[in-house]
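Participant: Model the structure of this input:
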Amino acid sequence: MTDNLQPLDETTCLDLVRGVPVGRIAWAESDGRVSVLPVNFALDGNAIVFSTAEGAKLNAVREGRLLTFEADEFEPALRTAWSVLITGTAEIVTDPEEIRRLRALSLAPWTRAPENLLVRLTPRTVTGRRIPLHPGGVTRENLGTTDDLP
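Facilitator: Next up is the predicted model:
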């Protein structure tokens with residue numbers, strides 16, 4: 001069986017991403033290993049903004065590695081889903097006015113670390129795809145009637 005994956009345009013991708021609270025940031029390490037970590041985020045135009053403490057994500061940003069942001073949503077019962085990838089370069093936001101503006105976008109880290117920094121991922125590419133709802137793809141189970149109860 002072949003599913004008809006529907007490609008999504010950039011506007012649709014960004015609209016879908018706005019509706020989810022968590023995505024994942026991925027990058028390749030210098031030894032070729034790929035790291036993927038969850039982030040809560042905000043959209044600033046078409047840029048992804050997230051807060052993070054010192055560690056592997058910030059090292060990847062400082063080393064100029066390409067980052068990929070991924071978000072998705074799925075409904076197993078209906079066998080439908082979508083996935084969006086946003087790939088680009090990232091920078092640590094240092095301007096105090098810009099930091100205040102970005103924090104006002106409801107960007108609140110889930111962990112409290114005083115040294116959290118804001119990172120902006122500026123897209124080079126935005127791609128996505130959707131598995132559409134298939135007619136007749138939902139099954140129904142008859143659990144009986146109340147007459148069947150003891």
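Participant: okay but G64 is in contact with E91, surely?
Facilitator: No: counting by C-beta atoms under 8 Å, G64 sits too far from E91 to count as a contact (9.6 Å). Every C-beta, even on glycine, is put in place using the N, C-alpha and C of the backbone.
Participant: more crowded one of the two?
Facilitator: Neighbour totals were compared for G64 and E91, and E91 leads with 14 against 9 (other C-beta atoms under 10 Å).
Participant: Give the full set of residues in contact with the more buried one.
Facilitator: V61, V119, R120, T122 (C-beta atoms under 8 Å, 6 or more residues apart in numbering).
Participant: that's a strand at the second one, yeah?
Facilitator: Translated: V119. Yes: counting by DSSP: H, G, I helix; E, B strand; the rest coil, V119 is part of a strand.
Participant: and the gap between it and V126?
Facilitator: 17 Å (C-beta to C-beta, to the nearest Å).
Participant: same deal with the first one?
Facilitator: Shown here: V61 relative to V126, a distance of 19 Å by C-beta to C-beta.
Participant: Show the pLDDT at D31.
Facilitator: Here the pLDDT value assigned to D31 is 92.
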